[in-house]
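Participant: just a sequence and a predicted model for now, questions to come.
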Amino acid sequence: MSAHGTPIPMMSEAAGPLTGTADVPGDKSISHRSLILGAMAVGETRISGLLEGQDVLDTAKAMQAFGADVENLGDGNWRVHGVGVGGFAEPGNVIDCGNSGTGVRLIMGAMATCPITATFTGDASLNKRPMARVTDPLALFGTQAVGREGGRLPMTIVGAKDPVPVRYTVPVPSAQVKSAVLLAGLNAPGQTVVIEKEATRDHTERMLAGFGATITVEDTDEGRVITLTGQPELVPQTIVVPRDPSSAAFPVCAALIVPGSDVLVPNIGLNPTRAGLFETLREMGADLTYENPREEGGEPVADLRAKFSPDLKGIEVPPERAASMIDEYPVLSVVAAFAEGQTVMRGVKELRVKESDRIEAMATGLRANGIEVEDGEDWWIVTGRGHGKVPGGATVETHLDHRIAMSFLCLGMASDAPVTLDDGQPIATSFPIFEPLMTTLGARIRRV
């Protein structure tokens, strides 16, 4: 059952080619960070192109609860009047972060070194997800956390009254953990150092520098060493949010597997820590090109053109690429089903603790639709059947996971028989216009 109301079963079936322009929403990662850092700056930050999915709206409400003045000006334009580093007020009620693991973990970090107490909860999916990966390093600052067994929400965070700077090596690649520690370090004296052995998305580092924080990044034998000087006065910014590459993945991948398709996806952020999927697709033989490459707001951007690619080949995805495409493995596995041979994905245990166990959810759903899948704790292999040979025809469980839902709707666009979801409602958390956008391109999606 969906967390926010009655389930919405949906069906996707093969139709004509997908053609036209897909204007996907703003980048979710950058949208969350824009609101949080805007709330920690002194003065007024203006944001355009903000993703107005439920996850980001929940973060906006949280920033209001911590005392920032947040206003929706319409058409993706927002105003945030911040309270300064260390200026968060104690919220009067529980902070509900809905379905957003990014939102709750980054907000915990931002308030962890303020002398306040806050209680966090979420929907049924979020309340199953582990928070100790964030609360353990936050405890090094002097923060306390009390939650349910296994370090799960609902959870109360008691901010450190006299925070100390931290040196922390991230044990597994996680931009959320890294970002939570850096945000906590903003209100700690001295220098907070985060070391990551594998580079993860670096939006937080780029944006901290843009807001005026003193931050350095150095590649060493130890790994990628990020050093942040605490207690700066962050300067408000004007932020243009690029379009989300994780959302772009769905129209791009659908175009590759639906005969005759030609789809342009403009203004996509191509930060190298986020673009692993597109590199992987090209290695598989995808007709995917970058047009009009440029830079906007410190982030590389281009227009992506994806065309039907009937001769896709399975490949072994380099494990070191996982961090740059972790959210895209579900839809990659759909493309892999239409490729010839095996697509091997290793080093992906992070997928086990996303909105759902994404390896289990995709493996089960793909098998039900006639695709051979092998899986282990941190790997899975999809044996593709090639173009025009994917049976489809099953009903799959989305497990309250937006990316599982959209991935199987893409599968149904090119399989022999329609694919049905038990609940498509979670799609609204990250891509609220997915259904009408794909329908405009020529997809056949309907509620059943």
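Facilitator: Looks like it arrived, so ask away. Keep in mind it's a predicted model, so treat the numbers as computed, not measured.
Participant: what segments of the stretch 51-200 of the chain are helices?
Facilitator: Here the stretch 51-200 of the chain has its helices, by DSSP state H, counting those that start in this stretch, at 54-65, 101-111, 132-139, 175-185.
Participant: now render the ones you listed as JSON lines, adding distance to Gln191 and mean neighbour count.
Facilitator: (Each C-beta comes from the backbone N, C-alpha and C, glycine too.) Below are the helices of the stretch 51-200 of the chain laid out as JSON lines (distance: least, Cβ to Cβ, whole Å; neighbours: other Cβ atoms under 10 Å):
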{"stretch": "helix 54-65", "distance to Gln191": "26", "mean neighbour count": "23"}
{"stretch": "helix 101-111", "distance to Gln191": "17", "mean neighbour count": "27"}
{"stretch": "helix 132-139", "distance to Gln191": "15", "mean neighbour count": "20"}
{"stretch": "helix 175-185", "distance to Gln191": "8", "mean neighbour count": "27"}
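Participant: need these in CSV with distance to Arg367 and mean pLDDT, can you?
Facilitator: Output for the helices of the stretch 51-200 of the chain, formatted as CSV (distance: least, Cβ to Cβ, whole Å; pLDDT from 0 to 100):
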stretch, distance to Arg367, mean pLDDT
helix 54-65, 29, 97
helix 101-111, 26, 97
helix 132-139, 30, 97
helix 175-185, 30, 97
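Participant: where's Leu153 relative to Ile95, distance?
Facilitator: Distance, Leu153 to Ile95, using Cβ to Cβ, to the nearest Å: 10 Å.
Participant: same check on Leu208?
Facilitator: 23 Å.
Participant: please apply the same query to Gly87.
Facilitator: Gly87 sits 17 Å away from Ile95, going by Cβ to Cβ.
Participant: cool, and Ala428?
Facilitator: Between Ala428 and Ile95 the computed distance is 20 Å (Cβ to Cβ).
Participant: of those two, who's got more company?
Facilitator: The neighbour comparison of Ala428 against Ile95 (other Cβ atoms under 10 Å) goes to Ile95, with 24 against 21.
Participant: I figured that one hits Ala60, correct?
Facilitator: No: with contact defined as Cβ atoms under 8 Å, Ile95 does not count as touching Ala60 (11.8 Å).
Participant: strands of the stretch 301-448 of the chain, residue ranges please.
Facilitator: For the stretch 301-448 of the chain, the strands defined by DSSP state E, counting those that start in this stretch occupy 316-317, 340-346, 372-375, 379-385, 395-396, 419-421, 444-447.
Participant: reformat those as TSV; add distance to Val181, mean pLDDT and mean neighbour count.
Facilitator: Shown next, in TSV, are these (distance: least, Cβ to Cβ, whole Å; pLDDT from 0 to 100; neighbours: other Cβ atoms under 10 Å):
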stretch	distance to Val181	mean pLDDT	mean neighbour count
strand 316-317	28	98	18
strand 340-346	27	98	19
strand 372-375	31	98	16
strand 379-385	28	98	21
strand 395-396	36	98	20
strand 419-421	36	98	26
strand 444-447	40	97	14
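Participant: is it possible to get a markdown table of those strands that adds distance to Gly26?
Facilitator: What follows is the strands of the stretch 301-448 of the chain, written out as a markdown table (distance: least, Cβ to Cβ, whole Å):
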| stretch | distance to Gly26 |
| --- | --- |
| strand 316-317 | 27 |
| strand 340-346 | 28 |
| strand 372-375 | 33 |
| strand 379-385 | 30 |
| strand 395-396 | 28 |
| strand 419-421 | 25 |
| strand 444-447 | 22 |
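Participant: which among those is found nearest to Ile195?
Facilitator: Smallest distance to Ile195 across these (Cβ to Cβ): 23.2 Å, for strand 340-346.
Participant: helices and strands around the closest one, which ones?
Facilitator: When contacts are defined as 3 or more Cβ pairs under 8 Å, 6 or more residues apart in numbering; DSSP states H and E, strand 340-346 sits against strand 316-317, helix 329-337, strand 379-385.
Participant: residues contacting the second one, please?
Facilitator: This means helix 329-337. Helix 329-337 is contacted by residues 249-250, 253, 256-257, 277, 280-281, 284, 286, 312, 314, 317, 322, 325, 343, 345, 348, 351, 358, 361-362, 366, 369, 371, 373, 380, 382, 384-385, 390, 403-404, 406-408, 410-411 when judged by Cβ atoms under 8 Å, 6 or more residues apart in numbering.
Participant: can you flag which of those belong to helices?
Facilitator: 249-250, 253, 256-257, 277, 280-281, 358, 361-362, 366, 403-404, 406-408, 410-411 (DSSP state H).
Participant: these two touch, right, Thr229 and Ala209?
Facilitator: No: when contacts are counted by Cβ under 8 Å, Thr229 is not listed as touching Ala209 (11.5 Å).
Participant: show me what contacts Val158?
Facilitator: Going by Cβ under 8 Å, 6+ apart, Val158 touches Thr117, Thr143, Gln144, Ala145, Val146.
Participant: do Ala417 as well
Facilitator: Glu13, Pro391, Gly392, Gly393 are the contacts of Ala417 under Cβ under 8 Å, 6+ apart.
Participant: state the pair within the residues you listed that is farthest apart.
Facilitator: Farthest-apart pair in the contacts of Ala417 is Glu13 and Pro391; separation 13.0 Å (Cβ to Cβ).
Participant: who has more neighbours, those two?
Facilitator: More crowded of Glu13 and Pro391, by other Cβ under 10 Å: Glu13, with 19 against 15.
Participant: surely the more buried one and Leu411 touch.
Facilitator: No: in this structure, Glu13 is not within contact of Leu411 by Cβ under 8 Å, at 10.6 Å.
Participant: touching both of those two, which residues are there?
Facilitator: Common contact partners of Glu13 and Leu411 (Cβ under 8 Å, 6+ apart): Val419.
Participant: now Asp423: closest residue in space, sequence neighbours ignored.
Facilitator: Pro7 (3.8 Å; Cβ to Cβ, 6 or more residues apart in numbering).
Participant: break this protein down into its domains, please.
Facilitator: 10-26+243-447, 28-229 (automatic domain parsing).
Participant: turn the ones you listed into TSV, including distance to Val235.
Facilitator: Compiled in TSV, the domains of the chain are given as follows (distance: least, Cβ to Cβ, whole Å):
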stretch	distance to Val235
domain 10-26+243-447	14
domain 28-229	4
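Participant: quick one: closest of those to Pro236.
Facilitator: Smallest distance to Pro236 across the domains of the chain (Cβ to Cβ): 4.1 Å, for domain 28-229.
Participant: what about the closest one, start to end distance?
Facilitator: In domain 28-229, first residue to last residue: 26 Å (Cα to Cα, to the nearest Å).
Participant: repeat for stretch 88-99
Facilitator: 23 Å.
Participant: now do the contacts for Thr19.
Facilitator: Neighbours of Thr19 in contact, by Cβ under 8 Å, 6+ apart: Gly260, Ser261, Asp262, Val263, Leu441, Gly442.
Participant: of these, buried ones?
Facilitator: Ser261, Val263, Leu441, Gly442 (16 or more other Cβ atoms under 10 Å).
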